[in-house]
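Q: Coordinates only, no sequence provided:
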């Protein structure tokens, strides 16, 4: 008779498709915990832990999860109260790796110990001495090892991993911090909120950029869905994300992507409420848009900014956009070019010399496109005089524009003639001729109809 062996009541529960026996040991737990407390008060921590270890096994085998959690938490609390850090770590590792240990007990152990090393979710507790710092760091490592491979503790593992990365970064090991954080594929974690996931990914981006691993930083950035950043509660994350993307695109010297990054920051409602911030973001957008290669998307964005009412509040940016949109030859440097080049974003990354050269090239390319719209052919010497360039520099820029497909041109060096009109193939000539004939016959028919109509009315 089982009731004669155990003073507690008996019940059955179904777990994992099997019928398991459950023993209620709450009465025994309530009786033995005070005994263990008395041993602790007498300085006998090992004896108290041994007493609770036997009780933990009975609760675990008897499937009494409530009592098991209570015993495990009490064991940790005794170690903490006695200030025995080594016993605390040993107890954590021992209890969490018991054979057939319940997930509720492991989760309780981790959640009990987390406030002793972290606060506000993922921030390591400040240490007053080197000894305290070592204890905190060891506890973080042990807890992170316990959570490894356990789906029910994936949120805690993410927070502990971020805390460990922070600890390594504070010690000067940025590469190590980035490597640790990359181990966590937080985008697959279902127990984390959307904000926590994005914040974690932004931290991954920041550390990989600090490590100068730009390829991985770009890969990590793809994990952030842009539609989530458009939500009202995500404004601060949106600004941080595009600030990090601007750092990546600056390294790649991609001026158009930089313009889009700063324009996305400018369009953030919280930025638009701050005059200093939106002016800086819009000025940077115009600056890098002027440095961008010509294209349909670039022109569309330039026209979109041109109709923005805030642009008129920045005279230098407004005048620059107006000049670049006109089909007229412009002189280099631009009237407000020096003011635009004084922006802090222009000199970040020691790229000011590169951007100055690029600014000059974009003005030359703009002028060549304008000439190609008005001239079918022109003397090379005359064009060089119009643009204020040497013959060699002119040929270099035209060749570059022909290569990227932004303009059609052929240079006849013996005659020193540049042709911008693209010759038509026979099919195009025939199609144009047929179209002209159709228009002519249409006009003849319309004219005949009007003459007959006039004759009939007389």
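A: Looks like it came in fine. In this text, all values refer to a predicted model and were calculated from it rather than measured experimentally. Numbering: from 1, shown residues only.
Q: contacts and neighbour counts: CA atoms only from here.
A: Noted.
Q: Let me know whether residue 192 touches residue 155 as I believe.
A: Yes: Residue 192 lies in contact with residue 155 (Cα atoms under 8 Å); the separation is 5.9 Å.
Q: between the two, which one's more packed in?
A: residue 155 (20 against 16; other Cα atoms under 10 Å).
Q: Tell me which residues are up against stretch 219-235.
A: 187, 195, 198, 201-202, 204-205, 237-238, 245, 268-270 (Cα atoms under 8 Å, 6 or more residues apart in numbering).
Q: can you give me how far that stretch is from the chain middle?
A: Remark: stretch 219-235 is offset 7 Å from the chain centroid, using Cα atoms, centre = their mean, to the nearest Å.
Q: And that stretch, what's buried?
A: 220, 221, 224, 228, 229, 235 (16 or more other Cα atoms under 10 Å).
Q: Put together a markdown table for those residues, with pLDDT, secondary structure and distance to residue 127 on each row.
A: Conversion of these to a markdown table gives the following (pLDDT from 0 to 100; DSSP: H, G, I helix; E, B strand; the rest coil; distance: Cα to Cα, whole Å):
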| residue | pLDDT | secondary structure | distance to residue 127 |
| --- | --- | --- | --- |
| 220 | 93 | helix | 32 |
| 221 | 93 | helix | 33 |
| 224 | 91 | coil | 34 |
| 228 | 89 | helix | 37 |
| 229 | 90 | helix | 35 |
| 235 | 92 | helix | 33 |
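Q: which one of those is nearest residue 402?
A: residue 221 (33.8 Å; Cα to Cα).
Q: Name the residues that touch stretch 239-249?
A: By Cα under 8 Å, 6+ apart, stretch 239-249 touches 202, 205-206, 209, 214, 217-218, 221, 255, 257-258, 261-262, 264-265, 268.
Q: Mind telling me the two of those residues farthest from one another?
A: 214 and 268 (25.6 Å).
Q: now the helices for the stretch 101-250 of the chain?
A: In the stretch 101-250 of the chain, the helices defined using DSSP state H, counting those that start in this stretch lie at 103-113, 130-147, 154-170, 174-182, 194-210, 214-221, 226-229, 235-252.
Q: now the helix or strand residue 455 falls within: how far from the chain's centre is it?
A: Using DSSP states H and E, residue 455 sits within helix 426-457. Its chain's average C-alpha position is 61 Å from that of helix 426-457, according to Cα atoms, centre = their mean.
Q: Let's test this: mean pLDDT of it, rounded?
A: The pLDDT scores in helix 426-457 average 87.
Q: how about residue 416, phi and psi?
A: phi 60, psi 50 (degrees, to the nearest 10).
Q: what's near enough to touch it?
A: Here residue 416 is in contact with 379, 380, 381 (criterion: Cα under 8 Å, 6+ apart).
Q: could you redo the last one with a cut-off of 7 Å?
A: 379, 380 (Cα atoms under 7 Å, 6 or more residues apart in numbering).
Q: of all the buried residues of stretch 219-235, which comes closest to residue 398?
A: residue 221 (36.4 Å).
Q: so how far is residue 64 from the closest one?
A: The spacing between residue 221 and residue 64, counted by Cα to Cα, to the nearest Å, is 46 Å.
Q: likewise residue 217?
A: Residue 217 is 47 Å from residue 64, by Cα to Cα.
Q: again with residue 286
A: Taking Cα to Cα, one finds residue 286 at 67 Å from residue 64.
Q: Those two: which has the busier surroundings?
A: residue 286 (26 against 19).
Q: where are the low-confidence patches of this protein?
A: Applying pLDDT under 70 to the chain flags the ranges 1-20.
Q: Give me the spatial nearest neighbour of residue 109, chain neighbours excluded.
A: Once flanking residues are discounted, residue 109 sits nearest to residue 73: 6.2 Å by Cα to Cα, 6 or more residues apart in numbering.
Q: Report how many residues lie close to that neighbour.
A: 20.
Q: Same check on residue 186?
A: So residue 186, with other Cα under 10 Å, has 21 neighbours.
Q: Now do it against residue 161, distance only.
A: For residue 186 relative to residue 161 (Cα to Cα), the value is 11 Å.
Q: got it, and residue 308?
A: Taking Cα to Cα, one finds residue 308 at 44 Å from residue 161.
Q: These two: which is more packed in?
A: A count of neighbours by other Cα under 10 Å puts residue 161 above the other of residue 308 and residue 161, at 24 against 10.
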